[in-house]
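The sequence and its predicted three-dimensional model are supplied below.
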Amino acid sequence: MNTSGSGHTLSDVALDITVECMDERGIRHEIDCVLGYRSSDPFAVAMTFITGDGNLVWTFGRDLLARGAEVPTGEGDVHVSPAIGLSGRAMVSIELSSPDGHLVLLARACDVDAFIARTLALVPSGRESDFFDADLLISQVLAS
């Protein structure tokens, strides 16, 4: 799922990272982004891309990111898998697809691992339901 926005979302855990991608000509680009996690939305992580035209936010499952750092994982518009960068460094490939296009990003595995560890310290795996507020979600949906 992706959403556009002009500001950062408030996060309990936030990590500024730089990801790499290649364009269709094979030219490497670096993109600044923020990985974010809120205990009030314990199943999801947000990847906010910082751009001159405003921020672009992709939201997907925390489990998808954590599992994908170890083994290829994902269906639909987000796929995550371990990778090796051109320098031989351990990376995590994050593949995003939408009707507007397709983008494959490489994040340093140590950054992704550190982010996941911080989210798990806040909300342990299997305990997400203890933090999830279904009543708040229902009220937000009904207010839309």
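The structure has been received and is ready for your questions.

where does residue 80 land on pLDDT?
In this prediction, residue 80 carries a pLDDT score of 97.

Who does it form a beta bridge with?
Beta-bridge partners of residue 80, counted by DSSP bridges, are residue 73, residue 94.

Let me see the contact set for it.
Applying C-beta atoms under 8 Å, 6 or more residues apart in numbering to residue 80 gives the contacts 64-65, 67-69, 72-74, 92-95. The way it works is simple: take the backbone N, C-alpha and C, and place the C-beta from them, glycine included.

hmm, 7 Å instead?
Contacts for residue 80 (C-beta atoms under 7 Å, 6 or more residues apart in numbering) come out as 64-65, 68-69, 73-74, 92-94.

And residue 83, by the same measure?
Counting by C-beta under 7 Å, 6+ apart, residue 83 makes contact with 91-93, 106.

With residue 49 instead?
By C-beta under 7 Å, 6+ apart, the contact list for residue 49 reads 31, 33, 55-56.

Okay, and which of these map to strands?
Under the assignment DSSP state E, these contribute 31, 33, 55-56 to strands.

Most neighbours of all those residues, which one?
Tallying neighbours with other C-beta atoms under 10 Å puts residue 33 at the head of the ones in strands among the contacts of residue 49, with 23 neighbours.

which phi and psi does residue 120 have?
Dihedral pair for residue 120: phi -70, psi -30, per degrees, to the nearest 10.

name the helices or strands packed onto the strand or helix carrying residue 118?
Assessed by DSSP states H and E, residue 118 sits inside helix 109-122. Applying 3 or more C-beta pairs under 7 Å, 6 or more residues apart in numbering; DSSP states H and E, we find helix 109-122 packed against strand 13-22, helix 62-68, strand 90-98.

Which positions within that helix qualify as buried?
Residues of helix 109-122 classed as buried: 109, 111-112, 115-116, 119 (neighbour count, 16 or more other C-beta atoms under 10 Å).

quick one, that helix and strand 90-98 angle?
If you take axes from the mean of the first three to the mean of the last three C-alpha atoms, to 10 degrees, helix 109-122 sits at 80 degrees to strand 90-98.

Could you check how far helix 109-122 is from the centre of its chain?
Chain-centre distance of helix 109-122: 12 Å, with C-alpha atoms, centre = their mean, to the nearest Å.
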